[in-house]
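Asks: For reference, the sequence and a predicted model appear below.
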Amino acid sequence: MQVINPANGSVITTLTEDTAASAAKKYETAKAAQPAWAARSVAERVAILEKFYHSLEADIQSLAATLTSEVGKPLGQSRGEVNGARNRIRFFLDNSEKWLKAETTFETEGLREVISFEPLGVIGNISAWNYPYLVGVNVFVPALIAGNAVLYKPSEFATLTGIEIGKHLHAAGVPAEIFQLVIGGKEAGQALLDLPLDGYFFTGSYATGKFIYEAVAPKMVPCQLELGGKDPLYISADNSNLAKVANAGVEGAFYNNGQSCCAVERIYVHENLYDAYLEKFMEEFDQMIKTGDPTEEGVFIGPLTREAQIQVLEDQVQDALKKGARLLAGGKRMNRPGYYFEPTVLVDVDHTMKVMMDESFGPVIGIQKVGSDDEAVKLMLDTEYGLTSAVYADHEENATPILEKMNSGTVYWNACDRVSPHVPWSGRGHSGIGATLSYLGIRAFTKPKAWHLRK
Ligand code: NAD
């Protein structure tokens, strides 16, 4: 398997992929080792992961450089991702003992009822490339702390980062059998699906997620899916600081080149503010968007990670223009080596256009005018996805009635494109099933046992 630098198309290195046989062998060793890992106390496992937390910080420059080389993320954003991952690890280190402790839920004379939380066993983590640290630690850190063994398949577009993660975990004291890498693409993922694992945790596209959910169903084990989104942001009439709101929208749409599951993918603006908002949006866009080599400091947009996505974006732009949209910026592949696409702003869009219905997962945003909050609600709900929804308004009481109506796992008032370890990360509909982060994302890697204890 070749690892390609998307900034120039060069081959960084060549790796050997796992086969069904090598994955099966890894599973056997993980299965044999897992009971001893589970028998250690939660505190002991937390202490090991604490070392991992510190070693990421010590090595941040080189980890960020590796990440940038294979996914094309600007260096500052790569460092930001490693730090963001450490913030999440901190949450798990500080909170796991509390949420994994057996709990007495009922007690009466002669009878005690208790819930304990047992590890699932050997779990598979099939991961994505866009935030390999963030989406990775959501799974393997709480899974390891809960006493599971993990077969971790990094995305084929972020394998070098996966290898670094493995090295750091092992150096911190996670036994080699307890965290094992399965290297490769679709076939390596399939090898995991063919094994009798005790749980599957997937981050990626809806199409693959659906395939995995169906494949895992007969096994009768937990299967969590963190999938894509078409996340809306609404600028209500109740906004006095359009510069601030426009700045948040540009950042939400274009951070990480728009390759975030919770990137702002559609913007609706109340007609009273539409023209003024577009003006501010383009001012912020011109200030923030600096495209270039991702290793250059100050660059905000690098190449796309996957060349194939360029075709998807071109198709969305052409479709929108054919149906009457206006282009305020960008719209095509950049004339330079590497997988660069011009950051693109389409306005006067509507829901007949692919750009407002299909996940773009790139630097393309559509902005649509609406006549009322009710129309905004209707359009925001017109999607098969349900990851996040955002409303900007000066007054909370103007935002919350809209947010209550949203069918998404996360809602934001005056925020967007944001994840916190203190609340669950979950999608609805085509955005997935199950939750990571928060106490739900600690217990997701356990199976409850109910104890009825009579004296
Ligand atoms: P993808 O579905 O192409 O691949 C994801 C993983 O699945 C990779 O490791 C890949 O090798 C593996 N895979 C592919 N086909 C497989 C198969 N048939 N069997 C088993 N494994 C298989 O997705 P991607 O391009 O890596 O990621 C982008 C998508 O992920 C976007 O839709 C994005 O929104 C979503 N995402 C969601 C979240 C979230 O938290 N909700 C976070 C990050 C990314």
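Replies: Good, I have the coordinates. Numbers count the residues shown, from 1 in each chain.
Asks: Let me know the average pLDDT across the helix or strand containing residue 25.
Replies: Mapping residue 25 onto the secondary structure by DSSP states H and E places it in helix 20-39. Averaging pLDDT along helix 20-39 gives 98.
Asks: ditto for stretch 347-359
Replies: Averaging pLDDT along stretch 347-359 gives 98.
Asks: what do you get for stretch 383-396?
Replies: On average, stretch 383-396 scores 98.
Asks: Check which residues of it are buried.
Replies: Buried residues in stretch 383-396, counted by 16 or more other C-beta atoms under 10 Å: 383, 385, 386, 387, 388, 389, 390, 391, 392, 393. All C-beta spots, glycine's among them, are computed from the backbone N, C-alpha and C.
Asks: returning to what we had before: just checking the helix holding residue 25 against the ligand, any contact.
Replies: No - residues of helix 20-39 are not located near the ligand by C-beta under 6 Å from any ligand atom, the shortest gap being 11.4 Å.
Asks: Which residue is the nearest non-sequential neighbour of the residue in the chain positioned nearest to the ligand?
Replies: The chain approaches the ligand most closely through residue 189 (2.1 Å), counting by C-beta to the nearest ligand atom. Leaving out its chain neighbours, the residue that sits closest to residue 189 by C-beta to C-beta, 6 or more residues apart in numbering is residue 126, at 5.0 Å.
Asks: Check residue 412 too.
Replies: residue 390 (4.2 Å).
Asks: any chance you could map the helices in the protein?
Replies: Secondary structure of the chain (DSSP state H): helices located at 20-39, 42-58, 60-71, 75-100, 132-145, 159-172, 186-193, 206-216, 242-254, 274-288, 308-322, 373-380, 396-405, 440-443.
Asks: Just say which of those is most tucked in.
Replies: Comparing the helices of the chain by mean neighbour count (mean count of other C-beta atoms under 10 Å), helix 132-145 ranks first with a mean of 26.
Asks: Just the angle for the helix holding residue 25 relative to helix 186-193, thanks.
Replies: 50 degrees (axes from the mean of the first three to the mean of the last three C-alpha atoms, to 10 degrees).
Asks: so how far is helix 20-39 from its chain's centroid?
Replies: 27 Å (C-alpha atoms, centre = their mean, to the nearest Å).
Asks: Adjust the sequence numbering to begin at 24 for everything that follows.
Replies: Happy to do that; since the first residue is 24 now, the last one works out to helix 43-62.
Asks: Only alpha carbons, please: show it as PDB.
Replies: What follows is helix 43-62, C-alpha atoms only, in PDB (Å, rounded to 0.1, in the frame of the first residue of the first chain):
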ATOM      1  CA  ALA A  43      -7.400 -12.000   6.600                       C
ATOM      2  CA  ALA A  44      -4.900 -14.500   8.000                       C
ATOM      3  CA  SER A  45      -2.700 -11.900   9.700                       C
ATOM      4  CA  ALA A  46      -5.800 -10.100  11.100                       C
ATOM      5  CA  ALA A  47      -7.100 -13.500  12.500                       C
ATOM      6  CA  LYS A  48      -3.800 -14.100  14.200                       C
ATOM      7  CA  LYS A  49      -3.900 -10.700  15.800                       C
ATOM      8  CA  TYR A  50      -7.400 -11.400  17.000                       C
ATOM      9  CA  GLU A  51      -6.300 -14.700  18.600                       C
ATOM     10  CA  THR A  52      -3.400 -13.000  20.600                       C
ATOM     11  CA  ALA A  53      -5.700 -10.100  21.600                       C
ATOM     12  CA  LYS A  54      -8.400 -12.600  22.800                       C
ATOM     13  CA  ALA A  55      -5.800 -14.600  24.800                       C
ATOM     14  CA  ALA A  56      -4.400 -11.400  26.500                       C
ATOM     15  CA  GLN A  57      -7.600  -9.500  27.200                       C
ATOM     16  CA  PRO A  58      -8.700 -11.200  30.400                       C
ATOM     17  CA  ALA A  59      -5.400 -10.300  32.100                       C
ATOM     18  CA  TRP A  60      -5.700  -6.700  31.000                       C
ATOM     19  CA  ALA A  61      -9.300  -6.600  32.200                       C
ATOM     20  CA  ALA A  62      -8.200  -8.000  35.600                       C
END
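Asks: who does the residue nearest to residue 435 bridge with?
Replies: Residue 413 has these beta-bridge partners by DSSP bridges: residue 256, residue 435.
Asks: quick one: it and residue 433 touch, right?
Replies: No - between residue 413 and residue 433 there is no contact under C-beta atoms under 8 Å: 9.0 Å.
Asks: Counting neighbours, what do you get for residue 179?
Replies: Per other C-beta atoms under 10 Å, the neighbour tally for residue 179 reads 22.
Asks: Now do the residue nearest to it when sequence neighbours are not counted, the pLDDT please.
Replies: Using C-beta to C-beta, 6+ apart and skipping the chain neighbours, the partner closest in space to residue 179 is residue 208 (3.9 Å). Note on residue 208: pLDDT of 98.
Asks: residues touching residue 208, list them.
Replies: 24, 40, 179 (C-beta atoms under 8 Å, 6 or more residues apart in numbering).
Asks: Using JSON lines, lay out those together with distance to residue 94.
Replies: Listed next are these as JSON lines, based on distance: C-beta to C-beta, whole Å:
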{"residue": "24", "distance to residue 94": "15"}
{"residue": "40", "distance to residue 94": "19"}
{"residue": "179", "distance to residue 94": "11"}
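Asks: Pull up the gap between the residue nearest to residue 221 when sequence neighbours are not counted and residue 43, please.
Replies: Nearest residue to residue 221 in three dimensions, chain neighbours excluded: residue 144, at 3.3 Å (C-beta to C-beta, 6+ apart). Per C-beta to C-beta, to the nearest Å, residue 144 is found 20 Å from residue 43.
Asks: and what of residue 420?
Replies: For residue 420, the distance to residue 43 - C-beta to C-beta - is 57 Å.
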